[in-house]
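Asks: only geometry, no sequence info:
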């Protein structure tokens, strides 16, 4: 098969997909594998219980804050070049994490890792958008990309425990390095060189946007960890101020970081809204199920990882079926159906009981949720990226990935705040396990309501261009 990228001919687009997916899979794997290693890291590096969460937070905030800027850098300086550089940065951050002699060094290294992943993701997705034109092949490629994300998240939960127990927690990070080297070697052989963009990078706008996203994400993480407090308000107000300055800069910039023309497409707006709400549902549910499985049911890390593998299998099935249906019927129907399945799954899981079982309380909900997650994400992603001009492919990918990052962070914060807040309020009246389970139930009902709103948004906003994805089919 041969496709064109600009004026270049790409003779092996599926090999290009394999290279880009190697890097993406590694970044997703690293985001979850560290969960199993947190107790060992805390013990070896002297983290307090309140500080250890920053090993996760530093990575998440760094990714979410730099995605948009990373996408525009890829558009301006050439996607293959920026992709290779970001993979090298991720490798350097991984080495620094594995060799970290103290907690402060580890957190700084996690920031570096996150910056590499933040640039790598939109650059790689931008490459795919140019290698695969609109139509069935792009839908299949995006389906594979999305499916590997779900697989990587679950494999990370399993692999993190195995590596920590058998080799030590540094090997969670060291194993990234040979993969990074392989990707960098293969890039010149299999990825199109592409042409650097002609527009300059709006650096002031990029700094304001990154600062705003970082502060807003810090506020959301803080809510998830500590609840609302003055620091949350400070982060939130600072983020809104920087976001306002960003809007003023963008209006006057001859080369805005996010071109306003992108938002003239209802598919981009609708697709990103679906991704935000699906992200809220996914990470909101994951934090609830994680706490319920470990704190109420008492599952081990390995048992929990195997339980979540159920959801991964059905999410891959949802991705495969979703990308095929998008090609035939358009992304509106698939996105709406996926969001409805997410709502049903949250309702099924809201029947949790303090003395529950995996089969009785989790199985049906996780199976349904996985299918809905796969369909909603692949349809939302295709909608958000369909028809984006070649010169804006990287920033369009950055907007889409930022939507996902913000959505997942909001989901974890919202579900944690609802569940823990209720459990704290009712703890003096109810048994702690009963109070916590009831908090989980309420959080899942809230998530079900949001997923229903996402279904309405998909039907409403994706209607005008519902058949765009069938072009060239």
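Replies: Arrived safely. Predicted model, so just to flag it, every value in this text is computed and none were measured.
Asks: What's the local residue count around the residue nearest to residue 407 when sequence neighbours are not counted?
Replies: Leaving aside its sequence neighbours, residue 407 sits nearest to residue 279 (C-beta to C-beta, 6 or more residues apart in numbering; 2.4 Å). Any C-beta I mention is one placed from the backbone N, CA and C, and that applies to glycine too. Neighbour count for residue 279, taken as other C-beta atoms under 10 Å: 24.
Asks: What is the one helix or strand residue 279 maps to packed up against?
Replies: Secondary structure assignment for residue 279, by DSSP states H and E: helix 266-291. Judged by 3 or more C-beta pairs under 8 Å, 6 or more residues apart in numbering; DSSP states H and E, helix 266-291 is in contact with helix 301-329, helix 331-349, helix 364-385, helix 393-426, helix 432-461.
Asks: what about 6 Å?
Replies: helix 364-385, helix 393-426, helix 432-461 (3 or more C-beta pairs under 6 Å, 6 or more residues apart in numbering; DSSP states H and E).
Asks: Could you give the separation of it from the chain centroid?
Replies: Offset of helix 266-291 from its chain centre (C-alpha atoms, centre = their mean, to the nearest Å): 9 Å.
Asks: so that helix versus helix 432-461, what angle?
Replies: Orientation check (axes from the mean of the first three to the mean of the last three C-alpha atoms, to 10 degrees): helix 266-291 against helix 432-461 gives 170 degrees.
Asks: what's the angle between helix 266-291 and helix 364-385?
Replies: 150 degrees.
Asks: quick one: average pLDDT of helix 266-291?
Replies: Mean pLDDT, helix 266-291: 84.
Asks: Then stretch 325-335?
Replies: Across stretch 325-335, the average pLDDT comes to 84.
Asks: State the helix or strand in which residue 241 lies.
Replies: Per DSSP H and E: helix 230-252 holds residue 241.
Asks: helices and strands around that helix, which ones?
Replies: Helix 230-252 makes packing contacts with helix 203-226 when contacts are defined by 3+ C-beta pairs under 6 Å, 6+ apart.
Asks: that older thread, mean pLDDT for the helices and strands packed on helix 266-291: which is lowest?
Replies: For these, mean pLDDT drops lowest on helix 393-426, to a mean of 78.
Asks: Now that one: buried residues?
Replies: Within helix 393-426, the residues scored as buried using 16 or more other C-beta atoms under 10 Å are 393-420, 422-423, 426.
Asks: Stretch 178-189 now?
Replies: Along stretch 178-189, these residues count as buried under the neighbour rule (16+ other C-beta under 10 Å): 179, 180, 183, 184, 186, 187.
Asks: now stretch 173-185: how far from the chain's centre is it?
Replies: For stretch 173-185, the distance to the chain centre is 21 Å (C-alpha atoms, centre = their mean).
Asks: Excluding its own residues, what touches it? List them.
Replies: Applying C-beta atoms under 6 Å, 6 or more residues apart in numbering, the contact partners of stretch 173-185 are 22, 23, 26, 84, 87, 91, 94, 97, 98.
Asks: Would you mind checking the average pLDDT for it?
Replies: Averaged across stretch 173-185, pLDDT comes to 93.
Asks: same deal with stretch 137-157?
Replies: Averaging pLDDT along stretch 137-157 yields 74.
Asks: Give me the contact list for that stretch.
Replies: So stretch 137-157 is contacted by 17, 21, 25, 28-29, 32-33, 128, 132, 305, 308-309, 312, 315-316, 319, 323, 326-327, 377-378, 381-382 (C-beta under 6 Å, 6+ apart).
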